[in-house]
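Student: This is a predicted model, with the sequence first.
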Amino acid sequence: MPDHIFLVGLSGSGKSTVGRLLANRLGWSFVDSDSLIEKTEGRSIPAIFSQEGEAAFRELEGRALARATRSSRVVVATGGGAPTHDAGRRVLADGFTVWLAVSPAAAAERLAAQPTDEPRPLLAGDPRQRLEALLESRRDDYARADASIEVDGLTPDQVCDRIVRLWEGDGSSAGDAIPGVAATVTTPGASYPIVVREGALADLGDLCRRIGLSGRAFVLTDTGSGPLFAPTALDSLRAAGFQATEMAIPAGEEHKTLATVGSVYDWLLGERVERSDFLVCLGGGVVTDLGGYAAATVLRGIPFVHVPTTLLGMVDAAIGGKTGVDHAIGKNLVGAFAQPRLVLTDPA
């Protein structure tokens, strides 16, 4: 298991509060990177920004993160911008990183209840508007975390509990501690387990938790597979604590088109999908190809899970990150390579 845990996210997400609780729970040390910078420099964060600017602060932040991880068994509450620069990302890559995903509204409310002597340099003006802008600019950087937790409505103890469960499930490969792993696919940008086990569909929700997925689950199926398998998938996801909803596209290769992708975008965006949510592609090759492409492109990419229900989907379409749709000129001419977080095959 990694012996450094990094908490990332917006100001007001609870990183310092949760980090102290987590360190106490694990018997580890705790470091707040902003506090470490202030102690080392003998100046406040606002003073550093004012006197030297953000670029100089990010350099100090990179050094502080490296210093914080010289010892093992450390929980680090990072500054909100830590994952946005190369020095920060290099350090975060050597530990287990958790994004505490807070809405800008909730973060602004929390910060308003914690007045400080000096204003936060990046939140001048309307804090909520600034937080919304920061989230939009940093979303991709936060999404690189090993796991994410929606913290709105959760107490610090509840967040801590979830991090412990995620960390205990983390290991040297994506398939560790997951029953029924037949193989693990490793690419330059991802690693994910292929689960082959009778009855595995009923464990879909638990497996999604084990691999660190959070947020809401959007189940994409078709009119052929949906009536057979969607009830079990939805029940499993909801039993694991996910909010889950379903969309069924028309079955058949003739519907593997950009027009159908557009209808999936309409559904997801109409439900106000977030980067912390995920898509479950439940069906044959048309569903996994089209659903994977929709997931790879909506909001510039959300996590997705493949649950193939046909033999060809199980042995080919769902594996390898091939996503896409057909064009009038030929098959599979529009698409992208994007890897799922999990492939779950239930041959029962």
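Tutor: Structure's in. What do you need? Residues are numbered from 1 along each chain as shown.

Student: Going by C-alpha atoms from here, please, whenever you check contacts or count neighbours.
Tutor: OK.

Student: Using CSV, write down the CA coordinates of stretch 327-344.
Tutor: The C-alpha trace of stretch 327-344 is given here as CSV (Å, rounded to 0.1, in the frame of the first residue of the first chain):
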residue,chain,number,x,y,z
HIS,A,327,-20.1,6.9,-40.2
ALA,A,328,-22.0,6.8,-43.5
ILE,A,329,-18.7,6.0,-45.2
GLY,A,330,-17.9,3.0,-43.0
LYS,A,331,-17.9,1.4,-39.5
ASN,A,332,-16.0,2.7,-36.5
LEU,A,333,-14.6,5.7,-38.4
VAL,A,334,-15.3,8.2,-35.5
GLY,A,335,-14.0,7.4,-32.1
ALA,A,336,-11.2,7.5,-29.5
PHE,A,337,-9.1,5.3,-27.4
ALA,A,338,-10.2,5.5,-23.8
GLN,A,339,-9.8,2.9,-21.1
PRO,A,340,-12.6,1.8,-18.7
ARG,A,341,-12.0,1.6,-15.0
LEU,A,342,-13.4,-1.9,-14.9
VAL,A,343,-14.7,-4.6,-17.2
LEU,A,344,-17.2,-6.9,-15.5
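
Student: Any buried residues in that stretch, and which?
Tutor: 332, 335-336, 338-344 (16 or more other C-alpha atoms under 10 Å).

Student: Which strands and helices lie in contact with the lowest-mean-pLDDT helix or strand in the chain?
Tutor: Counting by mean pLDDT, DSSP states H and E, the chain has its least confident helix or strand at strand 181-187, which shows a mean of 77. Under the contact definition 3 or more C-alpha pairs under 8 Å, 6 or more residues apart in numbering; DSSP states H and E, strand 181-187 sits against strand 190-196.

Student: Which strands border the strand it packs on, and is each parallel or antiparallel?
Tutor: Applying DSSP bridges to the sheet, strand 190-196 is found paired with strand 181-187 (antiparallel), strand 342-345 (parallel).

Student: Out of these, which gets nearest to D157?
Tutor: Closest of those to D157 is strand 342-345, at 28.4 Å (criterion: C-alpha to C-alpha).

Student: How far away from the center of its chain is that closest one?
Tutor: 18 Å (C-alpha atoms, centre = their mean, to the nearest Å).

Student: Name the residues that touch it?
Tutor: Residues from elsewhere that reach strand 342-345, judged by C-alpha atoms under 8 Å, 6 or more residues apart in numbering: 192-197, 200-201, 204, 208, 211, 304-309, 314, 318-319.

Student: For A47, which residues are in contact?
Tutor: Applying C-alpha under 8 Å, 6+ apart, no residues qualify as near A47.

Student: where in the stretch 151-300 of the chain is pLDDT low?
Tutor: Within the stretch 151-300 of the chain, the stretches with pLDDT under 70 are 169-177, 186-190.

Student: Could I get the full set of helices for it?
Tutor: Per DSSP state H, counting those that start in this stretch, the stretch 151-300 of the chain carries helices over the ranges 156-169, 204-210, 226-239, 258-270, 285-297.

Student: now the shortest one, how far from the chain's geometric center?
Tutor: A distance of 14 Å separates the centroid of the chain from that of helix 204-210, by C-alpha atoms, centre = their mean.

Student: domain parsing for this protein?
Tutor: 4-169, 181-345 (automatic domain parsing).

Student: Quick one: list the elements packing against the strand or helix carrying V334.
Tutor: For V334, the host element (DSSP states H and E) is strand 330-337. Contacts defined by 3+ C-alpha pairs under 8 Å, 6+ apart place strand 330-337 against helix 285-297, strand 322-327.

Student: Could I get the buried residue list for stretch 215-226?
Tutor: 215-222, 225-226.

Student: same deal with stretch 63-73?
Tutor: 63-66, 68-69, 73.

Student: what does the average pLDDT come to for it?
Tutor: For stretch 63-73, mean pLDDT is 92.

Student: Show me how far it is from its chain's centre.
Tutor: 24 Å.

Student: Over to stretch 128-138?
Tutor: 18 Å.

Student: With stretch 40-48 instead?
Tutor: The answer for stretch 40-48 is 32 Å, by C-alpha atoms, centre = their mean.

Student: Return the set of buried residues in it.
Tutor: 45-46, 48.

Student: I'd like those as CSV, with distance to A240, pLDDT and secondary structure appended.
Tutor: Formatted as CSV, the buried residues of stretch 40-48 follow (distance: C-alpha to C-alpha, whole Å; pLDDT from 0 to 100; DSSP: H, G, I helix; E, B strand; the rest coil):
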residue, distance to A240, pLDDT, secondary structure
I45, 41, 87, helix
P46, 42, 86, helix
I48, 45, 91, helix
